[in-house]
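Asker: need coordinates for the below:
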Amino acid sequence: MSDARLVRSSQREWCDRNSKPKPPFYTPFTRPNPTRWQKPGPMGRDDWANFHKQYQGTSRVEMARRLAGGRVNSDRAIVNSGKKPPLREQVSSDVFERLSQPKWQREKYVPPEKEIFPYRPHIRGRCPPMPEKGRPSRKPKVPCCFQHKDLEIEFWSNIRFPVSRKALCAQPKKAIITLSKPREYPPPQHCPIPDRPDDLFVPRRNKMTPMQWRLHRQRLEFLAKPPSRVLAELCRN
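Answerer: Predicted structure coming up:
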């Protein structure tokens, strides 16, 4: 084995460091500092607009390119294009013009035109309905308030809505007429049930003869007796 004096100090430190047992705990994880976009709650509309449009503003590289009058390579090294640098007055005017504009510019919101959906149902097996003149009708002008309840009732009773010409000439089907009526409770039966013949015709009762009455009494006496098993037990006792 080599002498301890011949061992280097770095080797001795390495041996001392690796000969010790591994510590049972680990270094706790430290969370990095939050970025400018990391917030405790959900981002609002303005935050998202700034987040998506952050590249539209003038960056430091573009500022350096404007001041130097050259282009910028991928390694962000400024290459002079050989043009003369702009005058100080021109640079200052450009800076003031840029600073006078908002940092995050948005286009003016133009609401879309409100689409009109006239009620023209398409019936299967027929041509699609074409737009009619005067349809859909204009919305009636209703006053904001009425001075009396009678005036409001009179206004709504005298108002008239235009009816389509095709609706005046149309012939509704049986199913549409059924749907237009209020629902009946209980609902009508699908198929009518015929009445029983016993309910319509009651047979005439005839008086029994003495022979029939005698047989009827014998039948009643037989039915009134207990069963044969009970009679046998009664006879034994």
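
Asker: for the protein, what are the low-confidence residue spans?
Answerer: Low-confidence segments of the chain (pLDDT under 70): 1-5, 36-37, 39, 52-63, 66, 69-92, 116-120, 197-200.

Asker: quick check: longest helix of it.
Answerer: helix 210-224 (DSSP state H).

Asker: tabulate the CA atom coordinates of that helix in PDB.
Answerer: Written as PDB, here are the backbone C-alpha positions of helix 210-224 (Å, rounded to 0.1, in the frame of the first residue of the first chain):
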ATOM      1  CA  PRO A 210    -141.000 -25.500  -9.700                       C
ATOM      2  CA  MET A 211    -138.600 -28.100 -11.100                       C
ATOM      3  CA  GLN A 212    -135.900 -25.500 -11.700                       C
ATOM      4  CA  TRP A 213    -136.400 -24.000  -8.300                       C
ATOM      5  CA  ARG A 214    -136.100 -27.500  -6.600                       C
ATOM      6  CA  LEU A 215    -132.800 -28.200  -8.500                       C
ATOM      7  CA  HIS A 216    -131.500 -24.800  -7.600                       C
ATOM      8  CA  ARG A 217    -132.100 -25.400  -3.900                       C
ATOM      9  CA  GLN A 218    -130.300 -28.800  -4.000                       C
ATOM     10  CA  ARG A 219    -127.400 -27.100  -5.700                       C
ATOM     11  CA  LEU A 220    -127.200 -24.400  -2.900                       C
ATOM     12  CA  GLU A 221    -127.400 -27.100  -0.200                       C
ATOM     13  CA  PHE A 222    -124.500 -29.000  -1.700                       C
ATOM     14  CA  LEU A 223    -122.300 -25.900  -2.100                       C
ATOM     15  CA  ALA A 224    -123.100 -24.900   1.500                       C
END
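
Asker: mind checking which helix or strand residue 231 is in?
Answerer: Using DSSP states H and E, the element containing residue 231 is helix 228-236.

Asker: work out the gap between that helix and the centre of the chain.
Answerer: 80 Å (CA atoms, centre = their mean, to the nearest Å).

Asker: same deal with stretch 188-199?
Answerer: Distance, centroid of stretch 188-199 to centroid of chain: 49 Å (CA atoms, centre = their mean).

Asker: next: stretch 159-173.
Answerer: On CA atoms, centre = their mean, the centre of stretch 159-173 falls 36 Å from the chain's centre.

Asker: go on, stretch 226-237?
Answerer: The answer for stretch 226-237 is 80 Å, by CA atoms, centre = their mean.

Asker: would you put the C-alpha positions of that stretch in CSV?
Answerer: What follows is stretch 226-237 as a C-alpha-only set of coordinates in CSV (Å, rounded to 0.1, in the frame of the first residue of the first chain):
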residue,chain,number,x,y,z
PRO,A,226,-118.0,-28.4,4.1
PRO,A,227,-115.5,-30.4,2.0
SER,A,228,-115.4,-34.2,2.3
ARG,A,229,-112.2,-34.1,4.4
VAL,A,230,-113.8,-32.0,7.1
LEU,A,231,-116.9,-34.2,7.1
ALA,A,232,-114.7,-37.3,7.6
GLU,A,233,-112.9,-35.7,10.6
LEU,A,234,-116.3,-34.7,12.1
CYS,A,235,-117.6,-38.3,11.8
ARG,A,236,-114.5,-39.7,13.6
ASN,A,237,-114.9,-37.3,16.5
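
Asker: could you list the residues in contact with that stretch?
Answerer: Stretch 226-237 has contacts (CB atoms under 8 Å, 6 or more residues apart in numbering) with residue 225. C-beta: built from backbone N, CA, C; applies to glycine.

Asker: and the residue lying farthest from the centre of the chain, how far is that from residue 143?
Answerer: Largest separation from the mean C-alpha position in the chain: residue 210, at 86.0 Å (CA atoms, centre = their mean). As judged by CB to CB, to the nearest Å, residue 210 and residue 143 stand 95 Å apart.

Asker: before I go, just wanted to say thanks for your time.
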